[in-house]
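Enquirer: just coords:
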């Protein structure tokens, strides 16, 4: 370094001292560096390159100095060479032009007698290797795998992995040498070879099956935990390709799980045992046992199979016991890994995992949300018919302690499924977790058409409790679907559902939840549909009718409002027909003395009561006619006209002193509009119907109409061709005045045709058409204006 030259330390101190004018100072330093790298003194040039790659790490480009970097790399001084290789590793790219100059330089350093220079060249080659460099240098690298120094052999093996990625053809030549390095006397070289094999096996593990004997020897003899982890992972990829490896690997894997103190190695062994097929599903084990019993006369084969099952059972117990230690650890990472491995093991051995249900449920109350989510996934997969009520109740109490559904504790105690004690930690503030809990409950309980649910009334209560939890949204629609599905499928459930959903509709607090950002008022669509469809089970129809058309429902979604309108009319029809739920016999009027059943009785309704309910319902419908939603408008308008007709028909009906006022028969015909019962339909029902003969579902019923867009494009092309022809004839004077007149006439003809097409085109808004539409709109308003004017004149005449 020159006496007056700034060193790298001076540059760093100068940048810190000139924080206010850092950019100006760096640019001045770059100018100095540009002049320094051009000097012939390698000491000055090396220091300049060192300063330059430091500035490169700050974001300043140094691609212009690539040739000077190669000059420093070629120095015989080790310090200079190290600076050059570091600068090349930082700044060189695959398209750097000077890389072609590096081939002989790197080859020279690889064959150097100084092993440190060789190490520098290997380190630099790993980062700047290209397909060309890999092709030219791979023979030297393969030969160096037999180097006398283990340090160089290790670096060569690792460098070859980078060469394989850029030049895959080198792997075929190096495969034999790489295989021999697995038996190297130095553990570091073996570790490097195993690492390279594991990385290469990620893409095609089948090619490395011949290495299984050597890898198995390393697995049973090595004490290096990181090396064992790599080998165990590699065997996990090889076992599905060669099932015979499984029986061979079970004893050493079991031994490692039971004896190692390294949690990382134990976890990899457990994960490999699960994913590698060393632990078979319980159903398969039962099937194998049955076959072995049938073939007990074979003696030796049956005993071998029994020994294999015993060894596998030992492996399973060792895995579960070790995973319990993972979950019990205070380290959050180990706890998460334990839960993750149990999720993998659960489909294979559910009973073995279920033994630790209590400690898994405790993880649901962990402060770490990722652990809670993983425990939730595990718990939801563990739910059975016997434990569904206890586990679901525990989950609901966790996310909303004030509104939990009471479970049948007697059943839980009878089946030895005691509910675990909950800690003081409440997760109810985590709305995302609570939403996931509810979705898991709905997924599990609705699986296989509610096969796991043993008490449908309890499940209805659970779903209603879920939608009432504050701060949780986007579950109301799913709950609504399942409520409707259950009520359609299970007739015995309808009375309970109607009573509970009617309470939900009348719940003022739940109605106010529409003001919350996250709410589940979508479930009211199902509630209104159910109470309307099964209106005969409604106990308080008058109260419900008034609430369904109350002004407060304007805050609900439009789909819910439309369901409210329809439900109100259905409940009203059932009420006037006396088909709603009959609580006492005093309210019934006997229509047929010889028929004492409920069908022979109608609810006694006074004329005043009938008129009050009808007026209230009509007022509510009239208010809903002004809704901004078209569906609500249409349903409310239709209902209002029907109610008006019933009111007119019953206005002049007399009151009988002996029997009181009876609703006329023509008013009871309203029930005929909603007659019939909806039943569940198999989604595959349509495919079960035979196709009638002569019916072609792919044939057009009518010929398709011409495409307006394609027609327009053809028309535009015709216009362009005609205009070009006319322009050519006019410019070049072909045919004189006659041709010019013909061309003009041709343009006018095409233009007229285009105007006619646009006139008849319903998607074209022309000026004339707009004027016609406006005139039609004015003419349609004139009769209305005359009618209003006549009404005003008549009112003025009456008043005066």
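Expert: Structure's in. What do you need? Remember, predicted model here, so these are calculated numbers, not experimental data.
Enquirer: please make it C-alpha for all contacts and neighbour counts, starting now.
Expert: OK.
Enquirer: state the distance from the closest residue to residue 671 other than its chain neighbours to residue 541.
Expert: Spatially, and ignoring its direct neighbours in sequence, residue 671 is nearest to residue 573 (5.4 Å; Cα to Cα, 6 or more residues apart in numbering). From residue 573 over to residue 541 the distance is 10 Å, taken as Cα to Cα, to the nearest Å.
Enquirer: do the same with residue 71
Expert: The spacing between residue 71 and residue 541, counted by Cα to Cα, is 96 Å.
Enquirer: between the two, which has more neighbouring residues?
Expert: residue 541 (22 against 17; other Cα atoms under 10 Å).
Enquirer: quick check: the more buried one touching residue 576?
Expert: No. The criterion here is Cα atoms under 8 Å, and residue 541 misses it with residue 576 at 9.9 Å.
Enquirer: would you point out which residue is most central in this structure?
Expert: The centroid of the chain falls nearest to residue 436 when counting by Cα atoms, centre = their mean (12.1 Å).
Enquirer: so where does that residue fall, helix or strand?
Expert: Using DSSP states H and E, residue 436 sits within helix 431-446.
Enquirer: just checking, what packs against that helix?
Expert: Other helices and strands packing on helix 431-446, by 3 or more Cα pairs under 8 Å, 6 or more residues apart in numbering; DSSP states H and E, are helix 369-382, helix 388-399, helix 476-489.
Enquirer: now render these as JSON lines, adding distance to residue 336 and mean pLDDT.
Expert: Shown next, in JSON lines, are the helices and strands packed on helix 431-446 (distance: least, Cα to Cα, whole Å; pLDDT from 0 to 100):
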{"stretch": "helix 369-382", "distance to residue 336": "6", "mean pLDDT": "91"}
{"stretch": "helix 388-399", "distance to residue 336": "19", "mean pLDDT": "90"}
{"stretch": "helix 476-489", "distance to residue 336": "30", "mean pLDDT": "93"}
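Enquirer: got JSON lines for those helices, with distance to residue 85 and mean neighbour count too?
Expert: Listed next are these as JSON lines, based on distance: least, Cα to Cα, whole Å; neighbours: other Cα atoms under 10 Å:
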{"stretch": "helix 369-382", "distance to residue 85": "44", "mean neighbour count": "20"}
{"stretch": "helix 388-399", "distance to residue 85": "59", "mean neighbour count": "22"}
{"stretch": "helix 476-489", "distance to residue 85": "62", "mean neighbour count": "19"}
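Enquirer: which residues of the stretch 201-350 of the chain score low on pLDDT?
Expert: Applying pLDDT under 70 to the stretch 201-350 of the chain flags the ranges 283-309.
Enquirer: nearest to residue 191, of the helices and strands packed on helix 431-446?
Expert: Of all these, helix 369-382 sits nearest to residue 191, with 33.9 Å by Cα to Cα.
Enquirer: could you tell me the angle between that closest one and helix 388-399?
Expert: Here the directions of helix 369-382 and helix 388-399 differ by 160 degrees (axes from the mean of the first three to the mean of the last three Cα atoms, to 10 degrees).
Enquirer: got the buried residues for the helix or strand harbouring residue 496?
Expert: Secondary structure from DSSP H and E places residue 496 in helix 494-505. Across helix 494-505, burial judged by 16 or more other Cα atoms under 10 Å covers 494, 495, 496, 497, 498, 500, 501, 502, 504, 505.
Enquirer: and stretch 108-128, by the same measure?
Expert: So stretch 108-128, judged by 16+ other Cα under 10 Å, has buried residues 109-110, 116-128.
Enquirer: out of those, which sit inside helices?
Expert: Within the buried residues of stretch 108-128, residues falling in helices by DSSP state H are 109-110, 116-128.
Enquirer: ok, of the residues you listed, which one's closest to residue 556?
Expert: Nearest to residue 556 among these, with distances taken as Cα to Cα, is residue 127, at 63.1 Å.
Enquirer: quick one: low-confidence parts of the stretch 701-800 of the chain?
Expert: Residues of the stretch 701-800 of the chain meeting the criterion pLDDT under 70: 707-800.
Enquirer: would residue 240 count as being in a strand?
Expert: No. Per DSSP: H, G, I helix; E, B strand; the rest coil, residue 240 lies outside any strand segment and is coil.
Enquirer: what about it, how many residues nearby?
Expert: Counted with other Cα under 10 Å, residue 240 comes out at 16.
Enquirer: also residue 638?
Expert: That count, for residue 638 with other Cα under 10 Å as the rule, works out to 16.
Enquirer: ok, now which ones touch it?
Expert: By Cα atoms under 8 Å, 6 or more residues apart in numbering, no residues touch residue 638.
Enquirer: from residue 358, how far off is it?
Expert: 58 Å.
Enquirer: what helices or strands is the helix or strand hosting residue 174 leaning on?
Expert: Counting by DSSP H and E, the element that carries residue 174 is helix 169-180. Other elements packing on helix 169-180 under the criterion 3+ Cα pairs under 8 Å, 6+ apart are helix 131-143, helix 150-166.
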